[in-house]
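In: make a model of this:
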Amino acid sequence: MMNLLTSDTSKNWDAKNIPDLKGKTALITGSNSGLGYYTAKALAEKNCHVILSCRTPEKSIATKNKLQKLIPQAQLSTIEIEMSDFNKVSSKCDQISNEYESLDLLINNAGIMHPPKTLNSQGYEIQFAVNHLSHMLLTLKLIPLLEKIKNSRIVTVTSLAQFFGKVGWKNLKAENYYNKQESYANSKLANIMFALELSQKLKEKNILSLAAHPGIAKTNLFNAQRPSPSRIEKLSLDLFSPIFQSAEMGALPQLYAATSDSVKSGDHYGPKFNFRGHPKLSKTSPAALNTIERKSLWNKSLEIIKEFI
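Out: Numbering: from 1, shown residues only. So this is what the prediction gives:
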């Protein structure tokens, strides 16, 4: 069996190794900044038609213009998806299905981290809703487009926080208490569990479901949701800043999962040295390997979003 701790499956793979993607179409959520932006840039440079999914028209237009200036030949489209509202996610999926005949690649990248206590439009804790539930809804609604392409791929972005997440899936509306770090970790554990369970459910459809995490990367995720970090949060950022890698490097695991010929459904990729480095197969939270808990999460999540599918 391959040793995931020492095997370098990608041999210092980077974006230059992405094959020509002419004729392929990819949808990336949260593509206006950080990991999503550099993922969109790398795919566009390899002639992929990239659908930039951002939260607002202003972000969509700015991102498209920026990329078009850098890559004049880029094939770019935009769509605004408000991931905090299941109704809007569902409606935008219908729009995508009407505008596109098929989809080669879906990258579930958008996320929020450590905001003040907030509920989404349907009353669920915002991190669990945006990071997990809305992406599950988006994915299930777009399966008909993905299954038209043999070996199309779904890449769900998780994080090292998955190792701190807890199963049980209670307090999903923060009705009992709110701990922003715990809620974030739970949402990231849900991401990897969803990707693995989806892989099992798509075996007969020739769609690959994979997961990836960026290690510790410098993105605006830390500051976008909280303009005034606490003293402890600021100290943590200052302390760990030297080991942060760039967002461009952080995007490599999801790009590898999205484009390499060497992957298989159910794989989970991260940086070579866990926190930073070129992509390789990554360890997975033990909790995510529990098939009973995965099915429990799937069923509970489906119960929440089924009316929007």
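In: so where's the chain shaky on pLDDT?
Out: Along the chain, segments meeting pLDDT under 70 span 1-10, 218-242.
In: for Ser159, list the residues it contacts.
Out: 188, 191, 213-214 (C-beta atoms under 8 Å, 6 or more residues apart in numbering). To be clear about C-beta, it is placed using only N, CA and C from the backbone, and glycine gets the same treatment.
In: what segments of this protein are helices?
Out: 34-45, 57-70, 86-99, 126-128, 134-146, 180-201, 221-224, 231-240, 247-250, 252-259, 291-305 (DSSP state H).
In: show me what counts as buried in the third one.
Out: The one in question is helix 86-99. Neighbour-count burial for helix 86-99 flags 86, 88-90, 92-93, 96 (criterion: 16 or more other C-beta atoms under 10 Å).
In: I'd like these laid out as JSON lines, including distance to Gln245.
Out: Compiled in JSON lines, those are given as follows (distance: C-beta to C-beta, whole Å):
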{"residue": "Phe86", "distance to Gln245": "34"}
{"residue": "Lys88", "distance to Gln245": "33"}
{"residue": "Val89", "distance to Gln245": "31"}
{"residue": "Ser90", "distance to Gln245": "36"}
{"residue": "Lys92", "distance to Gln245": "32"}
{"residue": "Cys93", "distance to Gln245": "33"}
{"residue": "Ile96", "distance to Gln245": "32"}
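In: could you check how far Leu208 is from Leu105?
Out: 10 Å (C-beta to C-beta, to the nearest Å).
In: so those two - more neighbours on which side?
Out: Between Leu208 and Leu105, Leu105 has the larger neighbour count (other C-beta atoms under 10 Å), namely 25 against 22.
In: and the nearest residue to that one once chain neighbours are set aside, what does it touch?
Out: Computed as C-beta to C-beta, 6 or more residues apart in numbering, the closest residue to Leu105 that is not its neighbour in sequence is Ala26, at 3.9 Å. Counting by C-beta under 8 Å, 6+ apart, Ala26 touches 43, 48-51, 103-107, 258.
In: these two touch, right, Lys295 and Glu197?
Out: Yes - Lys295 is within contact range of Glu197, at 6.9 Å (criterion: C-beta atoms under 8 Å).
In: of these two, give the one with the bigger neighbour count.
Out: When neighbours are counted by other C-beta under 10 Å, Glu197 comes out ahead of the other of Lys295 and Glu197, with 23 against 13.
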